[in-house]
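Chemist: return a 3D structure for these sequence lines:
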Amino acid sequence: MKLIKVHVTNYRCVDDSNEFSIAQTTCLVGKNESGKTTLLRAIEKLHLLGDASKLYDKTLDYPRRYLTEYEDRHGDDEAKVISTEWKLEVSEVHELEAELGTACLKSDIITVCKSYGSESTTWGVETNLPKIMEYLATQSGYSKGEITKLKSDLVSERSFLAYFTATEGEKSVAATKLNSAITKFRGQKINLHAIDLLAKRWPKFFYVSSYDRMPGKVSVADLAAKKSASTTNDQESIFLDLLSYAGISIQDFQNPQKFEELRAKVEAASIRISRQIFEYWTQNKNLKVQISIDQGRPGDLPPFNTGDVIHARIYNTLHEMTVPFDERSAGFTWFFSFLVKFSQVKKHHGKLIILLDEPGLNLHAKAQADLLRYIREKLEPEHQVIYTTHSPFMVPSNDLASVRTVEDVVRRKNEEVEILGTKVGDRVLSTDRDTLFPLQSALGYEITQSLFIGPNSLLVEGPSDILYLQLMSQILKEEKRIQLNSKWTICPVGGVDKVASFMALFGGNKLNVAVLTDFAVGQKKKVDELKKHAILRSESRVFLATDFCDQPEADIEDLFGRNIYLRLVDAAYGVSKTKSLEKALGGTSQSRVVKDVEDYFNIHPELGNTFNHFEPARWLLNNPKWLETNKPELSLAFDRFESLFKKINEVVQN
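Modeler: Down below sits the predicted model:
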């Protein structure tokens, strides 16, 4: 069974969550105190794993501001907390059909709901009763002719049971067999029997918070006593899970004859779990989990001052030292603890729906990416996962369709305040900036990273540079001249002073990076520093616009030539011939043409408020025939761009 929809109502800060869909992995993203944990807790109690109370507590869980109005709001009924929809798997449908016949279901979608005051749930299963009754009669030995005569009794379950379970007269073998079969159904109800069959396949919810971490040491006697009295806390339970994973129990440690055997099993278990971790823990590969058994010392705090004490420690092979397990980074200990706990839960309970509450809370951004990879590769193939986060690095930017926004909605109108409670957005929409921030950050980071999709990255100053390079490369290709190698991915970074920071943040050491930048007086120091950047590996990978147009200062626009670029500006801005910039500013000046155009616009407001560098490039993209029309005057520009492309292509890597 696969959970496909959830609707939470009347639970703590959730008045009405809105119905929201559930994917194979679903990310609930929202700021602190938005109600994310509340949603998971409400979902968990629908089919709770473990011995904790399965009741929704009316006093503790019902929205407090409405508690005194409970009866007025719900009358004699109990308030509903959760409604869910589930889609049956093919194997489950077949299992049902094996007992109740082909086409026994009208739909493979079922509903399960739960309210206050009861541990039981209410199921909605659309069974095809006439088909099932006919199948049961046939299986019991009734002939087709007899069943045809009894069609009027197959109209409803009530009439069906009234006929086939009648006590008057001697029953036929078929009637006795049918009566025996139906008697085994709960309440002698076909629908209830169908529910009971499906309930066996209904997965439980496994909830894990960011605080569920194994302790660094336990006293054997103390833990054995707590286990016997069922008073172990969540952390101690994880330690018991580790022992169970190793195939031993806490009682085994009370037998001194098994010391070496116990140590070997515990060490083998810690090695196995460690291997699983380091497949997905790329932060530090130099760690090992070690388990040891020692005697308590009188100077230690109780209960660790006597008897056997089991210690878990982290050994750093690089620094050749160990630290207690619970003094290591919270992220690592949580990951280890989760794998231990999950391995045992899965062993005893099979298919589960995993609820992870802020799993990346104590993890570095890279470790959060590792955790997402673990969820995708190890959990998702077999289990549905619902997790909460407020971190942009835990938002799957490549699968935003699986993200649901969680927001505590409060509407203010004048001095009035309307509290709507926690709402879940099913389409990644929210009016709250703080709620959207992780989504925006994740998407922005992904977009920026995606600019480096190839191994060769050419960094330029702005988007207009990209358009000019692409347009001139295309026309040179048509002229059968040297074009920019298609292996280059062009990325705008916003200026020469931002190139170094951008490369350090996003570049990595595996990229082949080259830089094309404008050059003006005063930028020499920045350019010299850029040429020495480690990621570039060589100063020959920095290309200046001045290298290709024989000017002391130049932008990429100067490669077109002064007069032809001014003509482009005239066309882009619709400047009349009488006010032509080519006529006013043209000539053989060695100054930057873009700077001159900016100054000219500033003193001629009739041309527009300010000059936008991008506008001529945008216009040229939409009017490529302009290049053909002005091809004779562009011969020098073609030479310059071809020379530029030739130099840049020399450092491309295959």
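Chemist: most centrally placed residue in this structure?
Modeler: Pro396 (3.6 Å; Cα atoms, centre = their mean).
Chemist: what's the distance between that one and Thr389?
Modeler: The span separating Pro396 from Thr389 equals 10 Å under the rule Cβ to Cβ, to the nearest Å. C-beta coordinates here come from the backbone N, C-alpha and C atoms, glycine included.
Chemist: where does pLDDT dip in the stretch 401-550 of the chain?
Modeler: For the stretch 401-550 of the chain, applying pLDDT under 70 flags the ranges 427-454, 496-497, 499-511, 532-539.
Chemist: for it, which segments are assigned as helices?
Modeler: Here the stretch 401-550 of the chain has its helices, by DSSP state H, counting those that start in this stretch, at 433-450, 463-478, 496-502, 524-531.
Chemist: thinking again about what came up before, I'd guessed the residue nearest to the centre of the chain sits against Ile375; true?
Modeler: No - the pair Pro396 / Ile375 is not scored as a contact, 9.0 Å apart, by Cβ atoms under 8 Å.
Chemist: touching both of those two, which residues are there?
Modeler: Overlap of the contact sets of Pro396 and Ile375 (by Cβ atoms under 8 Å, 6 or more residues apart in numbering) consists of Thr25.
Chemist: how many neighbours does Lys631 have?
Modeler: Applying other Cβ atoms under 10 Å, we find 13 other residues in the vicinity of Lys631.
Chemist: centre of the chain to the helix or strand hosting Glu99, how far?
Modeler: Secondary structure assignment for Glu99, by DSSP states H and E: helix 90-100. Centroid separation between helix 90-100 and its chain, computed with Cα atoms, centre = their mean, to the nearest Å, is 33 Å.
Chemist: same question, stretch 456-468
Modeler: On Cα atoms, centre = their mean, the centre of stretch 456-468 falls 31 Å from the chain's centre.
Chemist: in stretch 455-466, what's buried?
Modeler: Neighbour-count burial for stretch 455-466 flags Asn456, Ser457, Leu458, Leu459, Val460, Glu461, Gly462, Ser464, Asp465, Ile466 (criterion: 16 or more other Cβ atoms under 10 Å).
Chemist: domain assignment for this structure?
Modeler: In terms of domains, the chain is parsed into 212-350, 451-649 (source: automatic domain parsing).
Chemist: quick one: low-confidence residue ranges for the stretch 551-654 of the chain.
Modeler: Short version for the stretch 551-654 of the chain, where the test is pLDDT under 70: 609.
Chemist: mind doing that once more with 80?
Modeler: The stretch 551-654 of the chain contains residues with pLDDT under 80 at 608-609, 654.
Chemist: just the helices in it please.
Modeler: So, for the stretch 551-654 of the chain - with DSSP H, counting those that start in this stretch - the helices run 562-573, 581-585, 593-603, 614-622, 625-629, 635-649.
Chemist: using CSV, write out the CA atom coordinates for the helix ranked longest in the chain.
Modeler: Secondary structure of the chain per DSSP state H: the longest helix is helix 259-280. C-alpha atoms of helix 259-280 as CSV (Å, rounded to 0.1, in the frame of the first residue of the first chain):
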residue,chain,number,x,y,z
PHE,A,259,33.5,-12.3,26.9
GLU,A,260,35.6,-12.8,23.7
GLU,A,261,32.7,-14.1,21.7
LEU,A,262,30.6,-11.0,22.7
ARG,A,263,33.4,-8.6,21.9
ALA,A,264,33.9,-10.2,18.5
LYS,A,265,30.2,-10.0,17.7
VAL,A,266,29.9,-6.4,18.8
GLU,A,267,33.0,-5.4,16.9
ALA,A,268,31.8,-7.2,13.8
ALA,A,269,28.4,-5.3,14.0
SER,A,270,30.2,-1.9,14.5
ILE,A,271,32.4,-2.6,11.4
ARG,A,272,29.4,-3.5,9.3
ILE,A,273,27.4,-0.4,10.3
SER,A,274,30.6,1.8,9.8
ARG,A,275,30.9,0.5,6.3
GLN,A,276,27.3,1.4,5.5
ILE,A,277,27.9,4.9,6.9
PHE,A,278,31.1,5.6,5.0
GLU,A,279,29.5,4.7,1.8
TYR,A,280,27.4,7.8,2.3
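Chemist: quick one: distance of that helix to the chain centre.
Modeler: 30 Å.
Chemist: quick one: list the elements packing against that helix.
Modeler: Secondary-structure packing of helix 259-280 (3 or more Cβ pairs under 8 Å, 6 or more residues apart in numbering; DSSP states H and E): helix 234-245, strand 287-295, helix 330-349, helix 365-374.
Chemist: hmm, try it at 7 Å
Modeler: Judged by 3 or more Cβ pairs under 7 Å, 6 or more residues apart in numbering; DSSP states H and E, helix 259-280 is in contact with strand 287-295, helix 330-349, helix 365-374.
Chemist: that helix - what's its average pLDDT?
Modeler: Averaged over helix 259-280, pLDDT sits at 78.
Chemist: can you check what angle separates that helix from helix 365-374?
Modeler: Relative orientation of helix 259-280 versus helix 365-374 (axes from the mean of the first three to the mean of the last three Cα atoms, to 10 degrees): 100 degrees.
Chemist: renumber starting at 58 from here on
Modeler: Sure, I'll start numbering at 58, so the last one becomes helix 316-337.
Chemist: right, and Val599 touches Val572 too?
Modeler: Yes - taking Cβ atoms under 7 Å as the definition, Val599 is a contact partner of Val572 at 4.8 Å.
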